[in-house]
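Asks: what would the 3D arrangement of this be:
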Amino acid sequence: MTSPDPIGGAKRTARAVNLAPFGRHTRYMLASYLRHIFMVAAALMLIALTIDLWPQIPLLTAEPGLDIAFAIVRLALLRVCDLLPPFVPFATFLGVVWSETVFTASQERMLVWNSGRSPLQCLTPAILAGVLIGAGLFGMDAFLRPAAIHVQIAEKFGREGLRLDRTQSGGNHWVALQGGLLRAEIEYGPPLKLHNATIYKFDPDGLLNEVDTAVLATPEASGDRWLLQDGHFWKAPLASDAPLSLGASREEPETLFDQRSIPMDLDVEWLGNLGMSPQYLTMTTLRSLAGAHIVSNDLSDFRTRLQALYSEAFLPGLMAVLAAALAMLYFPYTLRPFAMIGVLMAGYLAHFAVAAFLLMGAFGYVSAPVAGWLVPALIALGTGGVLYVIQKQRGLGTGLRDTPVLQPAQSS
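Replies: Model prediction:
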């Protein structure tokens, strides 16, 4: 588009408005987003840590010679790695909404909106904030969280360290096997050992076929066989060998043994982590257990947790873009209380839906990919719909250009 020069009469070309993803205004908004997200996360952590640490203070004061102040600070740092990750996506949403309300109240949004800056440019800071926070969240949840809990377990430090103490068997455990059952006390090790183990095996018709009892059972190098020590076993006789008895049942003898090797389809890695929540497992262990062949509901929990880790790297970005898009649609010029409440409710429902689907995935009601990715996909679709409405309001349609294309005036 050209316009006459008011001084020399010459024509000059109007300056185009182009996408500047790392421009000054983008950096300014990004800093505001990150500042408010940090403030929201800090407030949520203050509440969560108070609730979490207050009951644990007697555990710290019970140990003589322990610097209480140092112990509380150290335990708080370790617990942050466990408490913070679930709140980060929602804190991201609230922080972006907070920044947008400040921009609207100060008329900055109106100034930027009237400058010809497109919705895509206005979303760039939210996208960058989501990328940064998503990368940090994945690193904390996948690596720092398991490392922090293992420090507490190794030192028996705090409530979680005592609860998950791997030197304690926790009594007898019943474990489902392929075609049988196991009852034993578990010494988690390493090396893994089973004490006072009893293995019940059933035939294809579901009838008890064999019982093996041992004082100690350890896995062999082959992985699918176990060595039983100091025990006895009983095996049901074949139907053709069983004598016909019309009176009292005949007692069947048990065979004693010092050592006996038996096949047992039991995943050693899973058994060694029995009782550990999936969020406390390392990525290597989690990937291994997610593909393991185990007869347990834990399998869906492991697979859901793995998908949740992958999807949460994108979730803060989706929540940030959703918050920015809703703010640009519902209060770009003036703050309206009902609009703000509606936007906050939308963010809370998204946060609640993520947690609900992960819980359903952990219990096997939905598949792991659905539990981990359905809600993020719906958030992305919803955000796309909001952006389409904004584009139409500004006369941009579905194009990604910055401003409406202005046709030069026709000369008469």
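
Asks: skipping its backbone neighbours, what lies nearest residue 266 in space?
Replies: Excluding its sequence neighbours, the residue lying closest to residue 266 (Cβ to Cβ, 6 or more residues apart in numbering) is residue 177, at 6.2 Å. Just so you know, the C-beta spots here come from the backbone N, C-alpha and C atoms, and that holds for glycine as well.

Asks: the one you found and residue 198: what is the separation?
Replies: Distance, residue 177 to residue 198, by Cβ to Cβ, to the nearest Å: 12 Å.

Asks: next secondary structure element downstream of the helix or strand harbouring residue 341?
Replies: For residue 341, the element it lies in under DSSP states H and E is helix 337-362. Past helix 337-362, further along toward the C-terminus, the next helix or strand under DSSP H and E is helix 368-393.

Asks: which secondary structure elements does that next one sit against?
Replies: helix 119-139, helix 298-312, helix 315-330, helix 337-362 (3 or more Cβ pairs under 8 Å, 6 or more residues apart in numbering; DSSP states H and E).

Asks: any chance of those helices in JSON lines with mean pLDDT, mean neighbour count and distance to residue 272 as columns?
Replies: Shown next, in JSON lines, are the helices and strands packed on helix 368-393 (pLDDT from 0 to 100; neighbours: other Cβ atoms under 10 Å; distance: least, Cβ to Cβ, whole Å):
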{"stretch": "helix 119-139", "mean pLDDT": "92", "mean neighbour count": "21", "distance to residue 272": "25"}
{"stretch": "helix 298-312", "mean pLDDT": "93", "mean neighbour count": "21", "distance to residue 272": "13"}
{"stretch": "helix 315-330", "mean pLDDT": "95", "mean neighbour count": "26", "distance to residue 272": "31"}
{"stretch": "helix 337-362", "mean pLDDT": "95", "mean neighbour count": "16", "distance to residue 272": "20"}
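
Asks: can you report how many residues lie near the residue nearest to residue 266?
Replies: Neighbours of residue 177 under the rule other Cβ atoms under 10 Å: 16.

Asks: who's it bridged to?
Replies: Applying DSSP bridges to residue 177 gives these bridge partners: residue 180.

Asks: next: the one 10 residues further on.
Replies: Here residue 187 sits in beta bridges with residue 193, going by DSSP bridges.

Asks: what number of residues lie near it?
Replies: 18.

Asks: isn't it up against residue 194?
Replies: Yes - between residue 187 and residue 194 there is a contact under Cβ atoms under 8 Å: 7.4 Å.

Asks: what's the lengthiest helix in the chain packed up against?
Replies: The longest helix of the chain (DSSP state H) is helix 24-53. For helix 24-53, the packing partners by 3+ Cβ pairs under 8 Å, 6+ apart come out as helix 68-83, helix 88-105, helix 119-139.

Asks: a markdown table for the ones you listed, including distance to residue 203?
Replies: Shown next, in a markdown table, are the helices and strands packed on helix 24-53 (distance: least, Cβ to Cβ, whole Å):
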| stretch | distance to residue 203 |
| --- | --- |
| helix 68-83 | 46 |
| helix 88-105 | 51 |
| helix 119-139 | 48 |
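
Asks: for residue 28, find the nearest of those.
Replies: helix 119-139 (8.2 Å; Cβ to Cβ).
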